[in-house]
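J.: sequence and predicted model, in that order:
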Amino acid sequence: MRYRPFGRGKERVSVLGLGCMRMPVLGDGFSPIDEERATAIVRSAIERGINYLDTAPTYHDGTGEDFVGRALQGGYRDKVHLATKMSRKAVDSREDCRQLISDQLRRLRSDRIDMYLLHNVTKDSWRFFEDVGALDLIERARDRGEISYVGFSSHEERDFFMDLVDAHDWDFCQIQFNYADRGIQAGEEGLRHAASRGLEVVVMEPLKGGILARDDLPFMEAFRSSGKDWSPAEWSLRWVWDWPQVSVVLSGMNEMAQLEENCRVAEESGPLSLGPEELRTLERAKESFDSSLQVPCSSCGYCLPCPQGVNIPRMFTLYNNHLLSGGRSWGVTMYNFATAEAELAGNCVACGECEEKCPQDLLVSELMPRVHRELLLDD
Ligand SMILES: NC(=O)c1ccc[n+]([C@@H]2O[C@H](COP(=O)([O-])OP(=O)(O)OC[C@H]3O[C@@H](n4cnc5c(N)ncnc54)[C@H](OP(=O)(O)O)[C@@H]3O)[C@@H](O)[C@H]2O)c1
């Protein structure tokens with residue numbers, strides 16, 4: 001494993017971190033976590049040199065932190081930098097924020113949280129966090145030794161992101177960054193800005209939640225014709241690690257084979273290591289990606305729960321798959337034969353609640369009738 005300095009040189013973090021939002025689960029939803037497989041992944045990751053774990057109070061229907069706390073028993077806790085967050089969804093008042101931090105320490109079975117983030121900061125949630133003095137509470141927890149480094153994650157557009165970088169004396173920030181999304185949200189400009197202000201930058205969704213790891217999509221042709229035997233996941237990860245401003249790349253790995261591959265790629269890649277031909281291949285893949293993917297949903301699940309029960313991320317996964325594969329697709333089969341009635345796009349009543357929460361600003365209520373129309377088979 002390669003390591004990079006963090007916290008103005010005081011820490012050494014692995015360039016690959018384990019994102020704990022996509023642990024293996026039993027069944028189709030976000031929970032229950034498949035405790036045995038998930039624990040094996042966490043521990044194997046640490047044994048392979050990964051020393052950065054990212055969780056949040058909202059992951060896996062609120063069970064994510066408890067799971068991580070259990071998985072790190074047996075001497076693993078002290079081998080990692082543990083990151084968790086203050087999520088707007090988990091707090092409604094200053095007292096809630098204060099209580100959350102002590103609940104998190106209990107759930108994580110730890111006397112400290114190494115990296116603490118304001119989670120998914122939007123214009124609305126920033127106003128709330130400012131109103132209740134969330135950062136003041138976090139700084140007090142830092143003074144007590146309960147928190148070491150303070151940062152934020154955000155999917156907001158660049159201008160707001162830039163202002164946020166300058167709004168506090170942050171240690172780090174977390175952004176969605178991959179070759180297909182280089183121009184949206186914080187993007188390349190945001191990455192450079194944060195790094196120039198001395199923030200460490202942690203990258204999330206380097207594979208766009210798994211979409212960029214697929215090898216059955218048209219935009220992968222660029223990789224196939226490159227003459228290199230790198231998988232789509234390897235191309236994407238190498239692109240992110242090519243940026244010298246990036247500290248840690250979080251990937252959600254829910255199979256041992258993924259962990260194995262990503263650890264290998266972490267060792268073989270590095271800042272400014274891609275040549276001009278490889279960068280041109282990635283440009284071609286991005287152009288093809290832009291023209292093929294209809295709905296840029298990364299399945300982060302922030303839109304959930306839908307008041308009607310629609311499984312919004314699943315609907316977009318099936319829809320994108322359908323559009324990318326054409327004809328009678330896997331998406332159509334899954335929609336008609338392998339999805340609970342209540343979760344179907346046809347149940348959307350366009351209330352718009354999900355649109356306020358979607359980090360990608362998707363017009364869900366306009367898209368859902370289209371998804372239903374195109375995926376539903378006539379009797
Ligand atoms: N703070 C925030 O607002 C926020 C938002 C999003 C994420 N995050 C954090 O960032 C972490 C990383 O984001 P992410 O989970 O979206 O990461 P990601 O690496 O973009 O996507 C993870 C998915 O990619 C697939 N994958 C990973 N390695 C692979 C490989 N070698 N070959 C084939 N497929 C591979 C798996 O998909 P399959 O499941 O299809 O196999 C996996 O579930 C999250 O887990 C979470 O901790 C934070």
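T.: Cool, got the structure. Treat the numbers as computed from the prediction; the structure is a model and nothing was measured.

J.: ok, the residue of the stretch 201-350 of the chain found nearest the ligand - contacts?
T.: Nearest residue of the stretch 201-350 of the chain to the ligand: residue 252, at 2.4 Å (C-beta to the nearest ligand atom). Backbone N, C-alpha and C define where each C-beta goes, glycine included. By C-beta atoms under 8 Å, 6 or more residues apart in numbering, the residues touching residue 252 are 18-23, 209-210.

J.: what would those residues look like in CSV with neighbour count and distance to residue 29?
T.: Below are the contacts of residue 252 laid out as CSV (neighbours: other C-beta atoms under 10 Å; distance: C-beta to C-beta, whole Å):
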residue, neighbour count, distance to residue 29
18, 27, 21
19, 26, 18
20, 28, 16
21, 21, 13
22, 21, 12
23, 28, 12
209, 22, 16
210, 17, 16
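
J.: for the residue of the stretch 201-350 of the chain closest to the ligand, which non-adjacent residue is closest in space?
T.: Sequence neighbours aside, residue 22 is the residue nearest to residue 252 in space, at 3.2 Å (criterion: C-beta to C-beta, 6 or more residues apart in numbering).

J.: gap between residue 340 and residue 357?
T.: Separation of residue 340 from residue 357 (C-beta to C-beta, to the nearest Å) stands at 22 Å.

J.: of those two, who's got more company?
T.: More crowded of residue 340 and residue 357, by other C-beta atoms under 10 Å: residue 357, with 19 against 11.

J.: and the helices in the stretch 51-200 of the chain?
T.: Assigned by DSSP state H, counting those that start in this stretch, the helices in the stretch 51-200 of the chain fall at 59-62, 64-71, 94-107, 123-132, 134-143, 158-166, 187-196.

J.: mean neighbour count added to those helices, as CSV?
T.: Formatted as CSV, these follow (neighbours: other C-beta atoms under 10 Å):
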stretch, mean neighbour count
helix 59-62, 20
helix 64-71, 23
helix 94-107, 17
helix 123-132, 15
helix 134-143, 17
helix 158-166, 17
helix 187-196, 18
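
J.: rewinding a little: just the contacts of residue 252: which are in strands?
T.: Taking DSSP state E as the definition of strands, the contacts of residue 252 contribute 18-19.

J.: which residues belonging to the one helix or strand in the chain whose mean pLDDT sits lowest are considered buried?
T.: Sorting the helices and strands of the chain by mean pLDDT, DSSP states H and E puts helix 330-337 at the bottom, at a mean of 78. By neighbour count on 16 or more other C-beta atoms under 10 Å, the buried set for helix 330-337 is 331-332, 334-335.
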